[in-house]
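S.K.: Predicted structure and sequence below. I'll ask about it afterward.
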Amino acid sequence: MSNDAFVPHPDRLLPRDPAVRDIARELYGRMASQPIVSPHGHVDPAMLVEDTPFRDPTSLFITPDHYVTRLLHARGVSLADLGVGRGPLEEADARRAWRLLAEHWHAYAGTPSRLWMEHEFHDVFGIEKVLTPGTADELYDHIAARLARPEFRPRALFDQFRIEVLATTDDPADDLAAHRALADDPDFAGLVVPTFRPDKYLEPAREDFAQLADALGEAAGVDTGDYAGFTAAMRARRLYFRDHGAVSSDHSHADVGTARLDEADAARLFARARGGSIDPADALALRRHLLADQARMAADDGLVMTLHPAVHRNHHRGTFERYGADVGADIPTAVTFVDGLAPLLNDVGLAEGFRLVLFTIDETVFSREIAPLAGFYPSVYAGAPWWFIDAPDAILRYRRAVSETIGYTRTSGFIDDTRAFCSIPARHDMSRRLDAHHLASLVAEHRMRIEDAAALAETLPSQHPREVFTLPGGAR
Amino acid sequence: MSNDAFVPHPDRLLPRDPAVRDIARELYGRMASQPIVSPHGHVDPAMLVEDTPFRDPTSLFITPDHYVTRLLHARGVSLADLGVGRGPLEEADARRAWRLLAEHWHAYAGTPSRLWMEHEFHDVFGIEKVLTPGTADELYDHIAARLARPEFRPRALFDQFRIEVLATTDDPADDLAAHRALADDPDFAGLVVPTFRPDKYLEPAREDFAQLADALGEAAGVDTGDYAGFTAAMRARRLYFRDHGAVSSDHSHADVGTARLDEADAARLFARARGGSIDPADALALRRHLLADQARMAADDGLVMTLHPAVHRNHHRGTFERYGADVGADIPTAVTFVDGLAPLLNDVGLAEGFRLVLFTIDETVFSREIAPLAGFYPSVYAGAPWWFIDAPDAILRYRRAVSETIGYTRTSGFIDDTRAFCSIPARHDMSRRLDAHHLASLVAEHRMRIEDAAALAETLPSQHPREVFTLPGGAR
Amino acid sequence: MSNDAFVPHPDRLLPRDPAVRDIARELYGRMASQPIVSPHGHVDPAMLVEDTPFRDPTSLFITPDHYVTRLLHARGVSLADLGVGRGPLEEADARRAWRLLAEHWHAYAGTPSRLWMEHEFHDVFGIEKVLTPGTADELYDHIAARLARPEFRPRALFDQFRIEVLATTDDPADDLAAHRALADDPDFAGLVVPTFRPDKYLEPAREDFAQLADALGEAAGVDTGDYAGFTAAMRARRLYFRDHGAVSSDHSHADVGTARLDEADAARLFARARGGSIDPADALALRRHLLADQARMAADDGLVMTLHPAVHRNHHRGTFERYGADVGADIPTAVTFVDGLAPLLNDVGLAEGFRLVLFTIDETVFSREIAPLAGFYPSVYAGAPWWFIDAPDAILRYRRAVSETIGYTRTSGFIDDTRAFCSIPARHDMSRRLDAHHLASLVAEHRMRIEDAAALAETLPSQHPREVFTLPGGAR
């Protein structure tokens, strides 16, 4: 069937008007082959340590990717049938899941997931057909055969993808053995850095708060029985991470309140939380204080703070209980930054070396709060569109919303935030095409000189995130 | 005056770029003549039972259409001069109102009301002039003359408009005699179905709550003296509606809270509401429980729930007291869905046969909440842009906001929601043109294959809403 | 260096598609040379009374313009180095500040500040080079030389800019001597009108509330010891302003609540505020009442009310303490209008002669609340995009968000709101280009007749704001 033939178009995502497209091509051309700098994501570093081949197309493309599973679930497919919450699938089950994707593939038309996966099918696996029920088995076999080859093992792909830096997301009590192993491995040249993610240690209302504090103390070799010890342990673990290459800490709570308690109150509330007797209002006050503490530590140790607030996690309890977290049932909520962050920014917003990257899925916040904050505070950067809005039109809306106030230089650079390893080049490529699209539109409407757009194109993909995230080569 | 000549352009609302427009024309061509499936609206079914001719241009186009009257009011015209809140107008008064519209017609430039009415003037009435003070009388006479002809009576227009299904909006205590009459009439082949709209019966703070409960009980033949009886009566009326063809219930409250009470508390609060002694906080809690009850019933009886929350009704009291409701003074407010709907969706969000269509005029909610919910729950659909945003740019914003997360298949299909009968084809036509516009843009930027866009064009206008609203021909 | 050559493109900000651009050029051509009507801004009238030459390029373009200084500050430049919070700069310091701007000029690419300043460089100063570190001194010298010439003094520029009306912003206790001097000066033909800005007098929680009330009483010659006297003084000062040419009052509080107290409660709370013993909740209630009073007075005296709510002023206290207000650290917050304004609009929303112009930086409010309110109440107008969103894409978003509900006629016309005198023509020119852009898009997509767009183009820039703000020539 000739209808099955398909390769991603070289001009995809660029503007359609021929004159604008020519400018966009020129700008994209400057960006396309720059190395990938990925300062925030969720790839498991063990994958690179062990370098074991990927098991099959389903475990690579479907099961772990909640972008893919959630829409299948919404269309009536059981998560179990996609392998979610199960161990490794038998070949027959994996193939059945793949066929389910093929059957519903038309419903992904217009989504970034489909664009990313088609990019991967073509650029990584050399596929020149569209996925349909008719081609499902052929594509499955094709990918499975490639996965058995050495050049499709994780480290080989890491090189092929031209990844310069890859940040993972890690528990503060993690010993970072995988990162050490990679750093010590003479056969691996890539830079894989951990990210300090202390969210759960900062939520005093959690039932397991005492155990978490214990675990933190154990990792740090510090007694976390009181607030002073807890703080010392937290600071120690941050330094441990920094010494293992970390450049940032990542934070996601229900809001961004950062009002400080006085130290005595903090100690008193901490003791209650430690003892399991803190009430919800005090737990909230303590959490905000502890987040403010993280900012103070960041101003000292230089880890860039990234803030992704306001998500209703595990919206459907039954799904969580059966399948666990991160299966597509986290739903964003409304958020405001201005009042909540005022204590933090009054405390360290002008501190030398402090940096704060703000993310939102509440799009009206871009022009109303994030751009104005990033347009005044030297510490604040507007984070890239994240998650449900890491998509073509949303990325263009973001650029149009923030760049009239802060240009390009006060933005974070692209953050892929992904656990889907093979999608990393596709996601970065999409971002570059869209920046070329946006810049070309400005040039075409005589709102920006081509020289200025070209200079941005040279630095945006790699050099800019190196600088914002204080990565090697990014000193300013 | 040659300047008066005007016919709607065949390419209106399609993209201007020639290459994109060609794609859009091809897609629109597949949609243009499909039958109209209208699963939610406010046409009075008695109009079709009686099939009496429309009285005059003013009572057809102006008086009952708050889209039209509100802007005239804002420009200083008295609602009374437009016939609002009065009985049928004398011919001289009707003509005077029509001249007022003509005098202000330039102020409607760029509004969908003007596009719809110009579509109607041309396609329904064969007018090829623009409305101006100079042409007002001529157009009035022209329309009035047509309205006297048999082919302009409601049933004839129903056929001419190619309406396959038309849903009305009805009180739960309504005996649906008009619907029965239409169903039983061998001379009427159309399908006109009722919609269950219980809002006021679910507001325990209303002064007339006891009378409403009585009326519901009487209609159901069930004693609604207590909560159990009220619930039984509600269930019975829903089934009565379903047996008369209803496929959905429609709900609009100030928020979407759905927290359940335990049954004893619900019974206790109901008794207080029945006795007129419920306080506002309890009334709110009970309303949220009763809305959650509707969802449970929907999971049983299969009526699709549509939710249009967050409107400040009758914002100007003096206008309400003089002219009544629905005259243009209802103003939308901010809304969030995620936390409010969590109890409902945890209860029945995965239930077989339950469906929930979410509408908003708070546009930031589309990408932040509605698309993520519809992209996980099999029961949830993103409703079409509604009311103040049922307009070209807003509809394109909606498609761009939701389709990157959920494609087209998790959206409701177009809902005209209108009480202006003659505008139905114009509104559906506008929606089809805009979907063609959006899809063509995706195709032109190589973000969607033309084959996928064409397949969507074939199913979106008619088959898709048949499926979402479980209408005849829509079985999945 | 040939690369330094630069003049603003005559088609800048117009659509790129050739067919659409031709329409936009035709529409812009009708608007370009209309006189400037500026009904709200922050120019100091003393500048025009004294007509002293501008001191140097830095004091003209950098120091007083927080649009310019804030982004430099975000990029690590000290406000002090830009002259903020200091007296007049020595020539060497002024030149150093100018070089700092040149060094960071690339970071302004894509911002309206750069477009405005490049417009000014070229149109006002005849510069045909881009600002770079290499051209900084040359441009500084060029501008400085021009500023010494008589035709670059404020009054000469006022004429050259074709300013018909310029509104300033003034304290209610101001004696308006500058405005009187201008009105009485036979050598000055321009119309410079004051604007009544009573914000701080309406905030009973302020520590200096009693002193402010005293000052108001003194200006009015009325004892403001009680609420009745305060109200009489306020009314008197409004009339004084009106008698000196004022057409509007301007208001910005944290919210738009307007619930009235009964008169006895108002008097009681006023007495407490006067005595310095009012608590925060009562102060809030009294402020809302006092704002509602302003609306009642406006309905009597005809001053148009403009409302710019919801800004977190002086977000960074240390910056405020060192440099004062208005240096770029005011950050917008979320806002809603519908419930807060209901008391006010029920009170005077239909009153003959009352007018209310609503502004927001919370963009979702445009389609959700402002357009619906302005599309019903004859008194309400949708204000132009303000401050962080007074920029090309944001202005287009505004037009696309409101004009589908209210067309163009229920909008305020462009408000420059600037303290940067030389930017006034550039800002109005940008607005005209963008209206031409938007209208041309509608015409090109056959959503508006060219005749209607042309008629709007004729009236939008000058006649429309004359009418909305009851300026000379604006009688309706």
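M.R.: Structure's in. What do you need? Numbers count the residues shown, from 1 in each chain, chains lettered A, B, ... in the order given.
S.K.: Tally up the residues packed near the residue lying closest to residue A:348 once chain neighbours are set aside, please.
M.R.: With C-beta to C-beta, 6 or more residues apart in numbering or on different chains as the criterion, residue A:348 has its nearest non-adjacent residue at 4.2 Å, and that residue is residue A:299. From N, CA and C alone the C-beta is placed, and that goes for glycine too. Counted by other C-beta atoms under 10 Å in any protein chain shown, the residues lying close to residue A:299 total 22.
S.K.: same for the strand or helix carrying residue A:299, what does it pack against?
M.R.: In the assignment (DSSP states H and E), residue A:299 maps to helix A:280-301. For helix A:280-301, the contact count by 3 or more C-beta pairs under 8 Å, 6 or more residues apart in numbering or on different chains; DSSP states H and E identifies helix A:227-243, strand A:248-251, helix A:263-274, strand A:304-307, helix A:338-348 as packing neighbours.
S.K.: could you give the mean pLDDT of the last one?
M.R.: Yep, that's helix A:338-348 we're talking about. Here helix A:338-348 scores 98 as its mean pLDDT.
S.K.: Measure how far whichever helix or strand comes after that helix is from the centre of its chain, please.
M.R.: Going down the chain from helix A:338-348, the next helix or strand is strand A:356-358, by DSSP H and E. Averaging C-alpha coordinates over strand A:356-358 and over its chain gives two centres that are 13 Å apart (C-alpha atoms, centre = their mean, to the nearest Å).
S.K.: what residues are up against the closest residue to residue A:57 other than its chain neighbours?
M.R.: Counting by C-beta to C-beta, 6+ apart, residue A:143 is the residue found nearest to residue A:57 once chain neighbours are left out, at 4.3 Å. If you count contacts by C-beta atoms under 8 Å, 6 or more residues apart in numbering or on different chains, residue A:143 has them with A:57, A:60, A:121, A:125, A:127.
S.K.: any idea how far the last one lies from residue B:455?
M.R.: Meaning residue A:127. Note on residue A:127: its distance to residue B:455, by C-beta to C-beta, to the nearest Å, is 21 Å.
S.K.: of the two, who's got more company?
M.R.: Regarding residue A:127 and residue B:455, a neighbour count based on other C-beta under 10 Å identifies residue A:127 as having more, with 20 against 15.
S.K.: residues in contact with the closest residue to residue A:316 other than its chain neighbours?
M.R.: Nearest residue to residue A:316 in three dimensions, chain neighbours excluded: residue A:329, at 4.9 Å (C-beta to C-beta, 6+ apart). For residue A:329, the contacting residues are A:70, A:314, A:315, A:316, A:319, A:320, B:376, by C-beta under 8 Å, 6+ apart.
S.K.: re earlier: deepest of the helices and strands packed on helix A:280-301, which one?
M.R.: Ranked by mean neighbour count, these are led by strand A:304-307 with a mean of 26 (mean count of other C-beta atoms under 10 Å in any protein chain shown).
S.K.: So is that strand next to chain C?
M.R.: No: with C-beta under 8 Å from any C-beta of the partner chain as the criterion, chain C is not reached by strand A:304-307; the gap is at least 15.8 Å.
S.K.: To which secondary structure element is the nearest residue to residue A:190 once chain neighbours are set aside assigned?
M.R.: Counting by C-beta to C-beta, 6+ apart, the nearest residue to residue A:190 once its immediate chain neighbours are dropped is residue A:158, at 5.3 Å. Here residue A:158 sits within helix A:154-160, counting by DSSP H and E.
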